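> sequence and predicted structure below; questions after.
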Amino acid sequence: MIESMQHKLQIIPIPAFKDNYIWLLHNGTKAVIVDPGDAAPVIATLNQLSLSLSAILVTHHHHDHIGGVSTLLKHYSNAAIYAPRYENYNFKHHPVSEPNTVSLPEFGLDFSVIDLPGHTLGHIAYYSPDILFCGDTLFGAGCGRLFEGTPEQMFNSLKKLADLPPTTKVYCTHEYTLHNINFALFLEPNNTDLLQRKYDTEKLRHASEPSLPSTLILELATNPFLRCTNPEILLSLQLGNIPPLEVFKTIREMRNHY
Ligand code: ZN
Ligand code: FE
């Protein structure tokens, strides 16, 4: 058995800025970082845990997800960087999109790249069974804003994620869960899974614990953006029997002002 396989993989959040999480995956000696918006907290964590940096995975081009890349590269010049093929970056990287795979043999992991246009046009996720790094596409009980894509693109991107195995752990990059839950309860006040999630999330947040990762099964039960055919949501909107895409458009727009 090779040395790195003896350690169980761990995935921990590094808080950054006001509400970002930079996810760190490690095997006890080597680490992969997802969406490093800031270098300082990443370097501090790597030093503290005596980890070297093998790779950086980037989901999209927003500054709060890539702001730390150049500084990290200065410290760890051997780190491989993967970033969306259909976006422009001023650091050296491997451009990836569907149907590419990012192989990380040191961790025993192969990540499939999933194209998720919507929040940005080139946005991608990295998926390996039971691990989903989904950037700003899927949030706890919510979804990302439409900065570049159309509602239809985002709707289809979320559908792709909803079709992954329900046991998938969802590593989102922002702590928006509680606010999203309150919005979701406005649409589905009688959803008992949602009420339970609010209780659980409040408990975590009062203890300054992250609400993430969540699981796809929890998102399917509580995230209104994955529940656009739900009768209670339709009833709350009072727009009649509109199609799921129209439900999505309407609630995404409402959430912008919530
Ligand atoms: Zn973003
Ligand atoms: Fe972001």
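Cool, got the structure. Ligands and ions are numbered 1, 2, ... in the order given.
> check which residues of the host helix or strand of H179 are buried.
Using DSSP states H and E, H179 falls within helix 177-187. Applying a neighbour-count criterion of 16 or more other Cβ atoms under 10 Å, one finds 177-181, 183-185, 187 buried in helix 177-187. Bear in mind the C-beta positions are built from the backbone N, C-alpha and C, glycine included.
> next SSE after it?
Under the assignment DSSP H and E, the closest C-terminal helix or strand after helix 177-187 is helix 192-206.
> which ones are touching N182?
With contacts defined as Cβ atoms under 8 Å, 6 or more residues apart in numbering, N182 is in contact with 198, 258.
> revised request: answer the last question for H7.
With contact set as Cβ under 8 Å, 6+ apart, H7 has these partners: 27-29.
> for stretch 233-253, measure first residue to last.
Chord length of stretch 233-253, first to last residue, is 14 Å (Cα to Cα, to the nearest Å).
> pLDDT of that stretch, averaged?
Mean pLDDT, stretch 233-253: 97.
> please compute how far that stretch lies from its chain's middle.
Computed by Cα atoms, centre = their mean, to the nearest Å, the separation of stretch 233-253 from the middle of its chain amounts to 24 Å.
> now that stretch: buried residues?
Quick answer for stretch 233-253 (16+ other Cβ under 10 Å): 233-234, 246-252.
> hmm, who's touching that stretch?
With contacts defined as Cβ under 8 Å, 6+ apart, stretch 233-253 is touched by 143, 145-146, 151-152, 154-155, 158, 186-189, 224-225, 227-229.
> quick one on the thing from earlier: and the contacts of H7, which is closest to C172?
For those, the minimum distance to C172 (Cβ to Cβ) is 22.7 Å, reached by N27.
> and S157, that's in a helix?
Yes. Judged by DSSP: H, G, I helix; E, B strand; the rest coil, S157 forms part of a helix.
> if we can go back for a sec, can you select the buried ones from the contacts of stretch 233-253 in ChimeraX?
Buried residues within the contacts of stretch 233-253, by 16+ other Cβ under 10 Å, are selected in ChimeraX with:
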select :143,146,151,154,155,158,187,188,224,225,227,228
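> now stretch 196-216: mean pLDDT?
The average pLDDT within stretch 196-216 is 98.
> name the residues of the stretch 51-200 of the chain found near ligand 1, please.
Residues of the stretch 51-200 of the chain lying near ligand 1 by Cβ under 5 Å from the ion: 62, 136.
> including distance to L116 and neighbour count, could the contacts of H7 go into a markdown table?
Formatted as a markdown table, the contacts of H7 follow (distance: Cβ to Cβ, whole Å; neighbours: other Cβ atoms under 10 Å):
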| residue | distance to L116 | neighbour count |
| --- | --- | --- |
| N27 | 27 | 22 |
| G28 | 31 | 15 |
| T29 | 31 | 14 |
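> any chance of these in CSV with pLDDT and secondary structure as columns?
Converted to CSV, the contacts of H7 look like this (pLDDT from 0 to 100; DSSP: H, G, I helix; E, B strand; the rest coil):
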residue, pLDDT, secondary structure
N27, 97, coil
G28, 97, coil
T29, 97, coil
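> residue ranges with poor pLDDT in this structure?
1-6 (pLDDT under 70).
> which residues of it fall in helices?
Taking DSSP state H as the test, the helices found in the chain are 40-48, 63-66, 69-75, 151-162, 177-187, 192-206, 216-222, 231-237, 244-256.
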